[in-house]
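Engineer: Sequence unavailable; structure follows:
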């Protein structure tokens, strides 16, 4: 049996909502479609999750019309789904309840954590003092306290250390609080005591203090908001850890190992399907779980997760929870799945416990919870109706090929460049090695002797392929030279510099039809769905009274957005529900406007 008791700290820190904020919804209805109302707040949020290439007045006006059209279409389809009783389907009810739980989780985090944080002027001043200084450190990681203490003693005596250090320029606010406090208390050359993080011990030695040129330009008042944000984030982590550990103390459970292996055997064919592309793989796996059931068998209804309080989750119930959970299971190997899935189960337990506690505290009455539940629930019903329809489409190979030829330029493999890398800690050392190479030194020999990164050097065919945007400024430089040439020393990140030698160029080229088959299939399905929906809405539009407050809608501010943004605490959820853009020139929408 696999036992789980009170060790929730790592999982808690991974899922806590950092800097989570909401404001009371502005409930003014800007769109009404029979019994459904779209509030100012919803329109504002959904508008500002849209990327708009040209933010001129005309483009924004068109986007507003398209969004109005799409939200009206979503509202009508959701009400038609209720008429067809799709809201009674067990999976739809489970998904709607999940959305409610997630809203309760967010509200709980705001009420029980974010709103409790207080920050003093002294903390802000201390934060500013640290903000100005970056700490150049080398550090060692070991598994035992005795080993860590012995290593520290050797450092203090100036003796040789057998374990190679790692290097880091530590910026204020990016490390665990105990690490940050210890490092910022050092003077050059001093060594911290062993610091335990999870099951490992860290020892840091300060090599020097780097004055950040950006943060010495102004006084503390100029950076006040940024400092408060960083302090708040740290305090929220610690307060959440304390509160969640208390909440979970009676929720220990065990996982039956034989049944866990059985569950893994059922998941693996879906997760490790070679036809799945990396594009949105996590969401595709989720859809597969949602649409499929476990293979019939006697083990499905046997308890897999057994709680201390006597409650159990069967194999089937765990499968169903995974199918609607906001946590991805797109692991790369069976071993990663084996160990990672245990963490996903713990996160689901945590989410359900927080939701129950939120209801006890009457947080289900909060405007935010009701708003989120209604918005996501309406989107769910509309999507369910669309899914019911799209399953009947006959998408042929001819359709796939035509879509590929039309959109081939959208499916390009980026140019790749194979390089040898010589990575060192300082720019000065990189320049010294660069001079040795330009004076006739052998690049590979010097790289093998001095480079911090040896993984791609010690093999029969040394080198690594990089794509644009990889390897910092050094990577950019590699895309500006010819094969056989080397870059000048360039920055990789805050703690390393590199000289790269270009070996070969693999030019950009379109992906094959097989490589993008899933995307092409989805593209064809979406096209057919939109055609069907336009016809469907044309037939039912006269059943609906539609009111639009264009005056308010046209005044709603746009500050820029991106539909790819996910909730940090729920990686499989967009910030707002996605719904396909409808054509505001479609017959049904023109008719809806003329009915006013």
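Structural biologist: Received it, and whenever you're ready, just let me know what you need. The structure presented is a predicted model; accordingly, all values stated were derived computationally and were not measured.

Engineer: any idea of the mean pLDDT for stretch 154-162?
Structural biologist: Regarding stretch 154-162, the rounded mean pLDDT is 90.

Engineer: try stretch 357-374
Structural biologist: Rounded mean pLDDT across stretch 357-374 is 96.

Engineer: Contact partners for residue 437?
Structural biologist: 443, 446, 486, 499 (Cβ atoms under 8 Å, 6 or more residues apart in numbering). Glycine gets a C-beta too; all of them are placed from N, C-alpha and C.

Engineer: which SSE is it in?
Structural biologist: helix 427-438 (DSSP states H and E).

Engineer: Off-centre distance for that helix?
Structural biologist: 39 Å (Cα atoms, centre = their mean, to the nearest Å).

Engineer: got the buried residues for it?
Structural biologist: By neighbour count on 16 or more other Cβ atoms under 10 Å, the buried set for helix 427-438 is 430, 433, 434, 437.

Engineer: ok and the helix or strand following it relative to helix 427-438, angle-wise?
Structural biologist: On the C-terminal side of helix 427-438, the nearest following helix or strand under DSSP H and E is helix 443-450. Put simply, helix 443-450 runs at 150 degrees to helix 427-438, going by axes from the mean of the first three to the mean of the last three Cα atoms, to 10 degrees.

Engineer: other SSEs contacting helix 443-450?
Structural biologist: On a contact count with 3 or more Cβ pairs under 8 Å, 6 or more residues apart in numbering; DSSP states H and E, helix 443-450 meets strand 416-424, helix 427-438.

Engineer: could you redo the ones you listed as TSV and give each row mean pLDDT?
Structural biologist: Formatted as TSV, the helices and strands packed on helix 443-450 follow (pLDDT from 0 to 100):
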stretch	mean pLDDT
strand 416-424	93
helix 427-438	93
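
Engineer: can you tell which of these is closest to residue 388?
Structural biologist: Residue 388 lies closest, by Cβ to Cβ, to one member of the helices and strands packed on helix 443-450: strand 416-424, at 42.5 Å.

Engineer: rewinding a little: show me the two of the buried residues of helix 427-438 that sit farthest apart.
Structural biologist: Across the buried residues of helix 427-438 (Cβ to Cβ), the longest gap, 10.5 Å, separates 430 and 437.

Engineer: what is in contact with the two at once?
Structural biologist: residue 499.

Engineer: pretty sure residue 418 contacts residue 504?
Structural biologist: Yes. Using Cβ atoms under 8 Å, residue 418 is in contact with residue 504, at 4.6 Å.

Engineer: So which of the two has more stuff around it?
Structural biologist: residue 418 (19 against 12; other Cβ atoms under 10 Å).

Engineer: if I look at the more buried one, how far off is residue 503?
Structural biologist: 4 Å (Cβ to Cβ, to the nearest Å).

Engineer: Mutual contacts of these two, please.
Structural biologist: Counting by Cβ under 8 Å, 6+ apart, the residues touching both residue 418 and residue 503 are residue 463.

Engineer: Tell me which stretches of the stretch 201-350 of the chain form strands.
Structural biologist: 253-255, 303-307, 312-314 (DSSP state E, counting those that start in this stretch).

Engineer: so can I have JSON lines of these showing mean neighbour count, distance to residue 554 and mean pLDDT?
Structural biologist: As requested, those are arranged in JSON lines below (neighbours: other Cβ atoms under 10 Å; distance: least, Cβ to Cβ, whole Å; pLDDT from 0 to 100):
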{"stretch": "strand 253-255", "mean neighbour count": "19", "distance to residue 554": "53", "mean pLDDT": "94"}
{"stretch": "strand 303-307", "mean neighbour count": "20", "distance to residue 554": "52", "mean pLDDT": "95"}
{"stretch": "strand 312-314", "mean neighbour count": "16", "distance to residue 554": "50", "mean pLDDT": "96"}
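
Engineer: and of these, who's closest to residue 542?
Structural biologist: So among the strands of the stretch 201-350 of the chain, strand 312-314 is nearest, using Cβ to Cβ, at 47.5 Å.

Engineer: just checking, what packs against the closest one?
Structural biologist: For strand 312-314, where contacts count as 3+ Cβ pairs under 8 Å, 6+ apart, the packed elements are strand 303-307.

Engineer: Which elements pack onto the strand it packs on?
Structural biologist: strand 253-255, helix 257-271, strand 312-314, helix 315-324.

Engineer: what about 6 Å?
Structural biologist: Packing partners of strand 303-307 (3 or more Cβ pairs under 6 Å, 6 or more residues apart in numbering; DSSP states H and E): strand 253-255, strand 312-314.

Engineer: Now tell me what touches the last one from outside.
Structural biologist: It refers to strand 312-314. 301, 303, 304, 305, 306 (Cβ atoms under 6 Å, 6 or more residues apart in numbering).

Engineer: Run through the protein and note the low-pLDDT ranges.
Structural biologist: Along the chain, the model assigns pLDDT under 70 to residues 1-26, 52-57, 274-280, 390-391, 561-565, 581, 596.

Engineer: contacting residues around the residue positioned nearest the centre of it?
Structural biologist: Nearest residue to the geometric centre of the chain (Cα atoms, centre = their mean): residue 571, 4.6 Å. Going by Cβ under 6 Å, 6+ apart, residue 571 touches residue 328.

Engineer: just to revisit the earlier point, please produce TSV containing the helices and strands packed on strand 303-307, extended by distance to residue 451.
Structural biologist: Listed next are the helices and strands packed on strand 303-307 as TSV, based on distance: least, Cβ to Cβ, whole Å:
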stretch	distance to residue 451
strand 253-255	44
strand 312-314	50
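
Engineer: Which one of those lies nearest to residue 165?
Structural biologist: Taking Cβ to Cβ, strand 253-255 is the member of those nearest to residue 165, at 38.5 Å.

Engineer: quick one on the thing from earlier: which one of the helices and strands packed on helix 443-450 lies nearest to residue 588?
Structural biologist: The nearest among the helices and strands packed on helix 443-450, by Cβ to Cβ, is strand 416-424 at 46.6 Å.

Engineer: That closest one pairs with which strands?
Structural biologist: Taking DSSP bridges as the criterion, strand 416-424 sits next to strand 464-466 (antiparallel), strand 496-506 (antiparallel) in its sheet.

Engineer: Buried deepest among these, which one?
Structural biologist: strand 496-506 (a mean of 21; mean count of other Cβ atoms under 10 Å).

Engineer: start to end distance for stretch 311-328?
Structural biologist: One end of stretch 311-328 to the other measures 25 Å (Cα to Cα, to the nearest Å).

Engineer: Pull the distance from it to the chain's centre.
Structural biologist: 21 Å.

Engineer: Check which residues of it are buried.
Structural biologist: For stretch 311-328, a neighbour-count test (16+ other Cβ under 10 Å) marks 313-316, 318-328 as buried.
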